[in-house]
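Enquirer: here's my sequence, what's the structure:
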Amino acid sequence: MKKVIVIGGNGSGKSTFSKQLATITNLPLVHLDRLLWYGNWQTRAREEFDALLQQELTKDAWIIDGNYNRTIPLRLSYCDTVFYFDFSTLRCLWGVTWRVLTNLGRVRDDMGGNCRERFSLSFYKSILGFNKAHRKRYYALLEEAEKNGKTVVIFRNRRQVKKYLNTIKQKQDT
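Expert: Now for the predicted structure:
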(Lines give C-alpha, C1' and ligand atoms only; values in the text may rest on other atoms or scores of the structure.)
Protein backbone atom coordinates (compact mmCIF):
# COMPACT_ATOMS: atom_id res chain seq x y z
CA MET A 1 0.00 0.00 0.00
CA LYS A 2 1.82 3.06 -1.32
CA LYS A 3 -0.78 5.00 -3.30
CA VAL A 4 -4.13 5.23 -1.58
CA ILE A 5 -7.38 7.03 -2.32
CA VAL A 6 -10.13 7.52 0.23
CA ILE A 7 -13.65 8.24 -1.06
CA GLY A 8 -17.18 8.22 0.33
CA GLY A 9 -19.96 10.35 1.68
CA ASN A 10 -19.31 13.75 3.24
CA GLY A 11 -19.26 13.36 7.00
CA SER A 12 -18.37 9.67 6.88
CA GLY A 13 -14.93 10.22 8.40
CA LYS A 14 -12.68 10.08 5.32
CA SER A 15 -10.35 12.83 6.49
CA THR A 16 -10.08 11.51 10.04
CA PHE A 17 -9.32 8.03 8.72
CA SER A 18 -6.80 9.42 6.23
CA LYS A 19 -4.95 11.30 8.97
CA GLN A 20 -4.82 8.19 11.16
CA LEU A 21 -3.70 5.98 8.26
CA ALA A 22 -0.99 8.49 7.33
CA THR A 23 0.28 8.49 10.91
CA ILE A 24 0.42 4.68 11.01
CA THR A 25 1.94 4.17 7.55
CA ASN A 26 4.05 7.34 7.26
CA LEU A 27 2.56 7.93 3.81
CA PRO A 28 2.24 11.60 2.78
CA LEU A 29 -1.34 12.87 3.04
CA VAL A 30 -3.02 15.03 0.41
CA HIS A 31 -6.46 16.52 1.10
CA LEU A 32 -8.22 17.44 -2.14
CA ASP A 33 -9.97 20.24 -0.26
CA ARG A 34 -6.55 21.84 0.32
CA LEU A 35 -5.87 21.70 -3.43
CA LEU A 36 -9.26 23.12 -4.42
CA TRP A 37 -10.04 25.83 -1.90
CA TYR A 38 -8.16 29.07 -1.31
CA GLY A 39 -9.08 32.47 0.12
CA ASN A 40 -12.52 32.66 1.66
CA TRP A 41 -14.39 29.72 0.09
CA GLN A 42 -13.02 30.45 -3.38
CA THR A 43 -12.15 27.55 -5.67
CA ARG A 44 -9.19 27.27 -7.98
CA ALA A 45 -9.82 27.06 -11.70
CA ARG A 46 -10.31 23.50 -12.93
CA GLU A 47 -7.04 23.59 -14.89
CA GLU A 48 -5.06 24.74 -11.86
CA PHE A 49 -6.66 22.12 -9.60
CA ASP A 50 -6.00 19.40 -12.18
CA ALA A 51 -2.34 20.43 -12.47
CA LEU A 52 -1.92 20.33 -8.68
CA LEU A 53 -3.57 16.92 -8.53
CA GLN A 54 -1.39 15.59 -11.34
CA GLN A 55 1.73 16.72 -9.46
CA GLU A 56 0.61 14.67 -6.46
CA LEU A 57 -0.35 11.62 -8.51
CA THR A 58 3.11 11.33 -10.05
CA LYS A 59 4.82 11.13 -6.65
CA ASP A 60 6.02 7.76 -5.34
CA ALA A 61 3.60 7.45 -2.43
CA TRP A 62 0.53 9.20 -1.03
CA ILE A 63 -2.88 9.05 0.54
CA ILE A 64 -5.37 11.25 -1.30
CA ASP A 65 -8.49 12.08 0.67
CA GLY A 66 -11.66 13.32 -1.00
CA ASN A 67 -14.24 12.64 -3.65
CA TYR A 68 -14.25 15.22 -6.46
CA ASN A 69 -16.15 12.73 -8.56
CA ARG A 70 -14.83 13.71 -11.97
CA THR A 71 -11.26 12.89 -10.86
CA ILE A 72 -11.96 9.47 -9.32
CA PRO A 73 -11.23 7.49 -12.52
CA LEU A 74 -7.91 9.30 -12.91
CA ARG A 75 -6.94 8.68 -9.28
CA LEU A 76 -7.99 5.04 -9.56
CA SER A 77 -5.59 4.62 -12.48
CA TYR A 78 -2.68 5.71 -10.25
CA CYS A 79 -3.57 4.12 -6.91
CA ASP A 80 -2.92 0.63 -5.61
CA THR A 81 -5.50 0.80 -2.79
CA VAL A 82 -8.89 2.45 -2.45
CA PHE A 83 -11.01 2.84 0.67
CA TYR A 84 -14.71 3.54 0.16
CA PHE A 85 -16.81 4.80 3.07
CA ASP A 86 -20.28 3.51 2.17
CA PHE A 87 -22.13 4.89 5.18
CA SER A 88 -25.81 5.60 5.64
CA THR A 89 -27.10 9.07 4.93
CA LEU A 90 -28.07 9.46 8.58
CA ARG A 91 -24.53 8.59 9.73
CA CYS A 92 -23.05 11.14 7.30
CA LEU A 93 -25.50 13.84 8.38
CA TRP A 94 -24.52 13.21 12.00
CA GLY A 95 -20.82 13.29 11.08
CA VAL A 96 -21.11 16.66 9.35
CA THR A 97 -23.27 18.09 12.13
CA TRP A 98 -20.68 17.03 14.71
CA ARG A 99 -17.89 18.51 12.57
CA VAL A 100 -19.73 21.82 12.20
CA LEU A 101 -20.55 22.04 15.90
CA THR A 102 -17.00 21.26 17.03
CA ASN A 103 -15.22 23.44 14.42
CA LEU A 104 -17.66 26.31 13.80
CA GLY A 105 -15.76 29.44 12.79
CA ARG A 106 -12.38 27.68 12.64
CA VAL A 107 -10.33 26.57 9.63
CA ARG A 108 -9.78 22.81 9.69
CA ASP A 109 -6.32 21.50 8.86
CA ASP A 110 -7.73 19.51 5.94
CA MET A 111 -9.14 22.63 4.24
CA GLY A 112 -7.32 25.07 2.02
CA GLY A 113 -7.38 28.83 2.31
CA ASN A 114 -9.32 30.69 4.93
CA CYS A 115 -12.38 28.45 4.73
CA ARG A 116 -13.92 28.65 8.17
CA GLU A 117 -16.29 25.88 9.16
CA ARG A 118 -19.89 26.96 8.73
CA PHE A 119 -23.38 25.58 8.38
CA SER A 120 -24.42 25.24 4.75
CA LEU A 121 -27.91 24.11 3.82
CA SER A 122 -26.79 23.26 0.27
CA PHE A 123 -24.02 21.04 1.69
CA TYR A 124 -26.57 19.17 3.82
CA LYS A 125 -28.79 18.75 0.76
CA SER A 126 -25.85 17.22 -1.14
CA ILE A 127 -25.40 14.69 1.66
CA LEU A 128 -29.08 13.76 1.49
CA GLY A 129 -28.70 12.85 -2.19
CA PHE A 130 -25.15 11.47 -2.16
CA ASN A 131 -25.84 7.73 -1.99
CA LYS A 132 -28.63 7.88 -4.54
CA ALA A 133 -26.55 9.98 -6.92
CA HIS A 134 -23.18 8.21 -6.56
CA ARG A 135 -23.28 4.77 -4.89
CA LYS A 136 -24.04 2.76 -8.04
CA ARG A 137 -21.27 4.49 -10.04
CA TYR A 138 -18.77 4.10 -7.20
CA TYR A 139 -19.42 0.37 -7.00
CA ALA A 140 -18.97 0.03 -10.76
CA LEU A 141 -15.66 1.93 -10.56
CA LEU A 142 -14.52 -0.19 -7.61
CA GLU A 143 -15.42 -3.42 -9.39
CA GLU A 144 -13.34 -2.32 -12.37
CA ALA A 145 -10.50 -1.29 -10.06
CA GLU A 146 -10.46 -4.76 -8.48
CA LYS A 147 -10.33 -6.33 -11.94
CA ASN A 148 -7.28 -4.15 -12.59
CA GLY A 149 -5.51 -5.48 -9.51
CA LYS A 150 -6.32 -2.69 -7.07
CA THR A 151 -7.03 -3.47 -3.42
CA VAL A 152 -10.54 -2.27 -2.54
CA VAL A 153 -11.72 -1.94 1.06
CA ILE A 154 -15.32 -0.94 1.76
CA PHE A 155 -16.34 0.34 5.18
CA ARG A 156 -20.00 0.42 6.12
CA ASN A 157 -19.60 1.70 9.70
CA ARG A 158 -17.11 3.26 12.09
CA ARG A 159 -16.54 -0.03 13.91
CA GLN A 160 -15.08 -1.53 10.72
CA VAL A 161 -12.85 1.52 10.28
CA LYS A 162 -11.52 1.30 13.83
CA LYS A 163 -10.90 -2.45 13.50
CA TYR A 164 -9.01 -1.96 10.24
CA LEU A 165 -6.80 0.80 11.68
CA ASN A 166 -6.04 -1.32 14.75
CA THR A 167 -5.07 -4.25 12.50
CA ILE A 168 -2.77 -2.08 10.37
CA LYS A 169 -1.20 -0.55 13.50
CA GLN A 170 -0.55 -4.00 14.97
CA LYS A 171 1.12 -5.11 11.73
CA GLN A 172 3.31 -2.00 11.74
CA ASP A 173 4.28 -2.58 15.37
CA THR A 174 5.52 -6.13 14.72
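
Enquirer: helices of this structure, start to end?
Expert: Assigned helices in the chain, in chain order: 14-25, 32-36, 46-57, 72-78, 89-103, 121-147, 158-173 (criterion: DSSP state H).

Enquirer: closest to residue 5 out of the ones you listed?
Expert: Residue 5 lies closest to helix 72-78 among the helices of the chain, at 4.8 Å (C-beta to C-beta). The way it works is simple: take the backbone N, C-alpha and C, and place the C-beta from them, glycine included.

Enquirer: wait, which of the helices of the chain is closest to residue 3?
Expert: helix 72-78 (5.9 Å).

Enquirer: the closest residue to residue 57 other than its chain neighbours: how many residues sit nearby?
Expert: Leaving aside its sequence neighbours, residue 57 sits nearest to residue 78 (C-beta to C-beta, 6 or more residues apart in numbering; 4.6 Å). Neighbourhood size, residue 78 [other C-beta atoms under 10 Å]: 16.

Enquirer: wait, residue 78 touches residue 2, no?
Expert: No: between residue 78 and residue 2 there is no contact under C-beta atoms under 8 Å: 10.5 Å.

Enquirer: switch the helices of the chain over to a markdown table; also include mean pLDDT.
Expert: Listed next are the helices of the chain as a markdown table, based on pLDDT from 0 to 100:
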| stretch | mean pLDDT |
| --- | --- |
| helix 14-25 | 97 |
| helix 32-36 | 95 |
| helix 46-57 | 98 |
| helix 72-78 | 98 |
| helix 89-103 | 95 |
| helix 121-147 | 96 |
| helix 158-173 | 93 |
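
Enquirer: look up how far residue 174 lies from residue 111.
Expert: To residue 174, residue 111 is 35 Å away according to C-beta to C-beta, to the nearest Å.

Enquirer: more neighbours, the two?
Expert: Neighbour count, other C-beta under 10 Å: between residue 111 and residue 174, residue 111 has more, with 19 against 5.

Enquirer: the more buried one against residue 38, yeah?
Expert: No: using C-beta under 8 Å, residue 111 makes no contact with residue 38, being 10.0 Å away.
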